[in-house]
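Enquirer: Build me a model:
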Amino acid sequence: MATIYEVARLAGVSPATVSRVFNGMSVSPERAEAVRSAAAQLKFTPNRTARTLRRQASEVIALVIPDIENPYFTEMARGVEDVASQAGYSVVLCNSDSQIEKEATYLQIAISEHMAGVILAAASDHTNLDALLATGRPVVAVDRGTGYDIDGVMMSNRSAGQAATENLVQAGYRRIACITGPERIETAQERAAGWRSVMLRNFPDLDADGLLRYSTFRVDGGREVMEELLALPEPPDAVVAANNLLGVGAIQVLSEHGMTPPRFGVAVVGSLPFTTLSPSAVTVVRLPARHMGVTAAKLLLERIGGDDQPPRTVVLRNEIQPARIPLDR
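Expert: Numbers count the residues shown, from 1 in each chain. The predicted structure follows:
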């Protein structure tokens, strides 16, 4: 089945204009004719239920993220806004602080304000979308799953954890710890699972789980657990940080202890937003956050336009930037 994006492309207009034509809203005769002609060529038929709902919805979408201070999510937000504004939609940015109650408030606002749809990075695996989905409005999950059968755009989190750990193993490190986010969050679980699989394969006699720490996905979380790891009777010689801010916190503590890379190996999932170290001293697994936002916004706008195909999950690939570690480290 053709999508609203394909109709818009053929007609030379925005997806929002296509939506206006099929919703009976004011559009110039020339544009309306171009849209109808393109729709006929592509045999596009808008979903009637969705079309009825859109007449009651504003041209506003909500983006609900857990941490507005994390550059990863602000980069994602930029991707969402770029696509939404081009299609004639405004974006309301909502910061849940990873709190279920705060997230629930924003989801209720999306309902009461008749927002056209929601892009959501869930606060936890207990996020409740029942009321929102009951309205028929589309929701796209980003970065982590929700347990609901909806569209999603995810990173290849397990492979990111694996790539970070494998790089440290290849560089000669052995006691490689892992610092990850809250255990209830899928992203934290999957990146730790990637680390664990590499450790079990390469060092089956090592108590790997003794080197695993769950924390917040924030700088202070990285600092706290890095101090714990260094205080162990047999401390690690390297660490995988499962997100960028955890990496910053870990590097701060290592620097304070005079153990900066490459003396102590560090691999970070996600680009470091700020550090006093040379970027070449740390292995970074880059995550395409902006591309995630772009992809999620396109999926949401297709649903707003009436696309009723089965839910899709798009998994984005990461890219590793190895540290340049001297042979005499």
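
Enquirer: if I pick the residue nearest the centre of the chain, what's in contact with it?
Expert: With distances taken as Cα atoms, centre = their mean, D143 lies nearest the centre of the chain, 2.7 Å away. By Cβ atoms under 8 Å, 6 or more residues apart in numbering, the residues touching D143 are 76, 121, 153-155, 187, 292. Glycine gets a C-beta too; all of them are placed from N, C-alpha and C.

Enquirer: same thing but 7 Å
Expert: By Cβ atoms under 7 Å, 6 or more residues apart in numbering, D143 lies in contact with 121, 154-155, 187, 292.

Enquirer: Any regions of the stretch 151-300 of the chain where pLDDT drops low?
Expert: The model of the stretch 151-300 of the chain has pLDDT under 70 over residues 274-279.

Enquirer: Do a quick rundown of the strands in it.
Expert: Applying DSSP state E, counting those that start in this stretch to the stretch 151-300 of the chain gives strands spanning 151-155, 176-180, 212-214, 238-241, 265-269, 283-286.

Enquirer: would a markdown table of those with mean neighbour count and distance to S112 be doable?
Expert: Shown next, in a markdown table, are the strands of the stretch 151-300 of the chain (neighbours: other Cβ atoms under 10 Å; distance: least, Cβ to Cβ, whole Å):
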| stretch | mean neighbour count | distance to S112 |
| --- | --- | --- |
| strand 151-155 | 23 | 23 |
| strand 176-180 | 29 | 36 |
| strand 212-214 | 19 | 35 |
| strand 238-241 | 32 | 39 |
| strand 265-269 | 29 | 37 |
| strand 283-286 | 24 | 39 |
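
Enquirer: would you list those strands in TSV and tack on distance to G306?
Expert: Listed next are those as TSV, based on distance: least, Cβ to Cβ, whole Å:
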stretch	distance to G306
strand 151-155	14
strand 176-180	40
strand 212-214	42
strand 238-241	43
strand 265-269	37
strand 283-286	35
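
Enquirer: how near is the residue nearest to the centre of the chain to L316?
Expert: 10 Å (Cβ to Cβ, to the nearest Å).

Enquirer: Give me the common contacts of those two.
Expert: With contacts taken as Cβ under 7 Å, 6+ apart, D143 and L316 have 155, 292 as neighbours in common.

Enquirer: and the end-to-end length of stretch 141-161?
Expert: 21 Å (Cα to Cα, to the nearest Å).

Enquirer: correction: stretch 63-74
Expert: 11 Å.

Enquirer: got the contact list for it?
Expert: Here stretch 63-74 makes contact (Cβ under 7 Å, 6+ apart) with 77, 80, 91, 93-98, 103, 106, 118-121, 123, 217, 244-245, 270, 273, 287, 289.

Enquirer: Of these, select the buried ones using a ChimeraX command.
Expert: Buried residues among the contacts of stretch 63-74 (16 or more other Cβ atoms under 10 Å), as a ChimeraX selection:
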select :77,80,91,94,95,96,98,103,106,118,119,120,121,123,217,244,245,270,273,287,289
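
Enquirer: what sits up against the helix or strand containing I111?
Expert: Using DSSP states H and E, I111 falls within helix 100-112. If you take Cβ under 7 Å, 6+ apart as the criterion, helix 100-112 is touched by 62, 64, 94, 96, 118, 123-124, 126-128, 131-132, 135.

Enquirer: quick one: it to chain centroid distance?
Expert: 19 Å (Cα atoms, centre = their mean, to the nearest Å).

Enquirer: buried sites along that helix?
Expert: Buried residues in helix 100-112, counted by 16+ other Cβ under 10 Å: 102-104, 106-107, 110.

Enquirer: Also stretch 8-26?
Expert: 8, 10-11, 13-23.

Enquirer: Residue ranges of each domain in this protein, please.
Expert: Domain ranges of the chain: 4-46, 57-154+289-317, 157-287, per automatic domain parsing.

Enquirer: Ok, which of the ones you listed comes nearest A323?
Expert: When the domains of the chain are compared by Cβ to Cβ, domain 157-287 sits nearest A323, at 4.4 Å.

Enquirer: Can you give me the end-to-end span of the closest one?
Expert: This stretch, domain 157-287, spans 9 Å end to end (Cα to Cα).

Enquirer: how far away is the residue nearest to the centre of the chain from V282?
Expert: In this view, D143 and V282 are 22 Å apart by Cβ to Cβ.
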